[in-house]
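>>> Everything below, folded, please.
(chains A and B)
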Amino acid sequence: AQSVAQPEDQVNVAEGNPLTVKCTYSVSGNPYLFWYVQYPNRGLQFLLKYITGDNLVKGSYGFEAEFNKSQTSFHLKKPSALVSDSALYFCAVRDINAGKSTFGDGTTLTVKP
Amino acid sequence: NAGVTQTPKFQVLKTGQSMTLQCAQDMNHEYMSWYRQDPGMGLRLIHYSVGAGITDQGEVPNGYNVSRSTTEDFPLRLLSAAPSQTSVYFCASSQDRGNTIYFGEGSWLTVV
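Numbers count the residues shown, from 1 in each chain, chains lettered A, B, ... in the order given. The predicted structure follows:
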């Protein structure tokens, strides 16, 4: 069975500093990995995905994620955080055979001015 | 584009009542699913569908029914509401099994 772990419930960074939100996964076969962001009282929005190819994936709002197969990780990064990046972030892995996605428990990112 | 539309946005039910959460998508997506979101528990899959006429259970299906008579619609039925079903419900769709998931804005359900 596939699984996703987001080891940090909360990440706090100062505006302008780099940020990292961690994600590790477990899946049989090739992983389809995603990051989503959720703002208060809203649905989840797609940020970026890794299916194949370059291990560094670039997405919306200046975010990027690095796929590391040996460490089974897919950490979300941004070189310079903005206060408006404060939100709840979810990592997800997709089972392409069944068409089901498994989500992590989410990490709350707070960026302080 | 409307994307994924859920109704109602907010609902209060009494224990034992039944209701249907509506979900419609206008992107001609084959895959649709329902999740519930509870504090500290992330998103949990209730039911999903890989096409019209095909549905399957997810992680937490008990107390819920679904049907998929058309590609566009995927309603979620609560048969006899319980306080444990108080949650935020999200409908989602994707073009195929490996593609990005698009979410609705959520339905806040309180069972008293």
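>>> Write down the beta-bridge partners of A:Cys91, one by one.
Residues found in beta-bridge contact with A:Cys91 (criterion: DSSP bridges) are A:Trp35.
>>> That one: what's it in contact with?
A:Val4, A:Gln6, A:Val21, A:Cys23, A:Tyr25, A:Leu33, A:Phe34, A:Trp35, A:Phe74, A:Leu76, A:Phe103, A:Gly104 (C-beta atoms under 8 Å, 6 or more residues apart in numbering or on different chains). For every residue, glycine as well, the C-beta is placed using N, CA and C.
>>> Go through stretch A:102-110 and flag the buried ones.
Using 16 or more other C-beta atoms under 10 Å in any protein chain shown as the test for burial, stretch A:102-110 gives A:Thr102, A:Phe103, A:Gly104, A:Asp105, A:Gly106, A:Thr107, A:Leu109.
>>> Please apply the same query to stretch B:99-110.
Buried-residue list, stretch B:99-110, by 16+ other C-beta under 10 Å: B:Asn99, B:Thr100, B:Ile101, B:Tyr102, B:Phe103, B:Gly104, B:Gly106, B:Ser107, B:Leu109.
>>> just to revisit the earlier point, out of the buried residues of stretch A:102-110, who's near chain B?
For chain B, the contacts drawn from the buried residues of stretch A:102-110 by C-beta under 8 Å from any C-beta of the partner chain are A:Thr102, A:Phe103, A:Gly104, A:Asp105, A:Gly106.
>>> Those into a markdown table, with extra columns for pLDDT and secondary structure?
Supplementary listing: those in a markdown table, determined by pLDDT from 0 to 100; DSSP: H, G, I helix; E, B strand; the rest coil:
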| residue | pLDDT | secondary structure |
| --- | --- | --- |
| A:Thr102 | 89 | strand |
| A:Phe103 | 92 | strand |
| A:Gly104 | 93 | coil |
| A:Asp105 | 92 | coil |
| A:Gly106 | 94 | coil |
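>>> before we move on, back to that, out of the buried residues of stretch B:99-110, who's nearest chain A?
The shortest gap between chain A and any of the buried residues of stretch B:99-110 belongs to B:Phe103, at 3.7 Å (C-beta to the nearest C-beta).
>>> For B:Leu109, see how far away that closest one is.
Distance, B:Phe103 to B:Leu109, by C-beta to C-beta, to the nearest Å: 16 Å.
>>> mind listing what residue 63 touches?
Here I'm looking at chain A. For A:Phe63, the contacting residues are A:Trp35, A:Leu47, A:Leu48, A:Leu76, A:Lys77, A:Lys78, by C-beta under 8 Å, 6+ apart.
>>> meant chain B, my bad for not saying
Contacts of B:Gly63 were listed using C-beta under 8 Å, 6+ apart, and they are B:Leu78, B:Leu79, B:Ser80, B:Ala82, B:Gln85.
>>> Adding secondary structure and distance to B:Val50, write those out as JSON lines.
As requested, the contacts of B:Gly63 are exported to JSON lines (DSSP: H, G, I helix; E, B strand; the rest coil; distance: C-beta to C-beta, whole Å):
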{"residue": "B:Leu78", "secondary structure": "strand", "distance to B:Val50": "23"}
{"residue": "B:Leu79", "secondary structure": "coil", "distance to B:Val50": "23"}
{"residue": "B:Ser80", "secondary structure": "coil", "distance to B:Val50": "28"}
{"residue": "B:Ala82", "secondary structure": "coil", "distance to B:Val50": "28"}
{"residue": "B:Gln85", "secondary structure": "helix", "distance to B:Val50": "25"}
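>>> quick check, nearest of those residues to A:Val11?
Each of the contacts of B:Gly63 was checked against A:Val11 using C-beta to C-beta; the closest is B:Gln85, at 30.9 Å.
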